[in-house]
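[1] got a structure for you, letters missing:
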């Protein structure tokens, strides 16, 4: 008599006892209520209708120049109008902008100006020969 086939890997799998499962994979958090299944099926139907409508517009030989895609319009609106989640002007960001933007410019201005003044003072005292003084 033939023995039964070995159990599949899915049946042999046991989660690691030292690591918790994410909520998406935890069987205790699954909601298989009929309302949720019905809502999911309705969303899938709406999505498939929109996809079919877009495909019909896309493959129409007499289509207009621009095809309206509502999902793309929503995405562009969200990217262009909703800029604050990525940056908010606050006193801290203004200060950091001044430190990283203006401070190096001011620093190098004073370094170069003091070096130029020091050289000019040495030239006036006669300690250093003026460059290109041969021609003047």
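    Done, it's in. Bear in mind the structure is a predicted one, so any value in this text is a computation, not a measurement.
[2] gap between the most centrally placed residue in the chain and residue 77?
    The chain has residue 86 as the residue nearest its centroid, 8.1 Å off, counting by C-alpha atoms, centre = their mean. To residue 77, residue 86 is 16 Å away according to C-beta to C-beta, to the nearest Å. To be clear about C-beta, it is placed using only N, CA and C from the backbone, and glycine gets the same treatment.
[3] Also residue 115?
    For residue 115, the distance to residue 77 - C-beta to C-beta - is 54 Å.
[4] which other residues reach the longest helix anywhere in the chain?
    Determined from DSSP state H, the single longest helix within the chain is helix 34-58. Outside of helix 34-58, the residues within contact range by C-beta atoms under 8 Å, 6 or more residues apart in numbering are 63, 67-71.
[5] Show me the shaky parts of this protein.
    1-2, 10-11, 26-31, 82-85, 130-136 (pLDDT under 70).
[6] just the helices in it please.
    9-12, 34-58, 70-81, 91-101, 103-125.
[7] and those helices as CSV, adding mean neighbour count?
    Shown next, in CSV, are the helices of the chain (neighbours: other C-beta atoms under 10 Å):
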stretch, mean neighbour count
helix 9-12, 7
helix 34-58, 11
helix 70-81, 10
helix 91-101, 10
helix 103-125, 10
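[8] Distance to residue 25 added to these, as CSV?
    Shown next, in CSV, are those (distance: least, C-beta to C-beta, whole Å):
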stretch, distance to residue 25
helix 9-12, 13
helix 34-58, 17
helix 70-81, 28
helix 91-101, 39
helix 103-125, 50
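[9] quick one, which of these is nearest to residue 18?
    helix 9-12 (18.6 Å; C-beta to C-beta).
[10] that older thread, what is the nearest of the contacts of helix 34-58 to residue 33?
    Closest to residue 33, out of all of the contacts of helix 34-58 and judged by C-beta to C-beta, is residue 71, at 27.8 Å.
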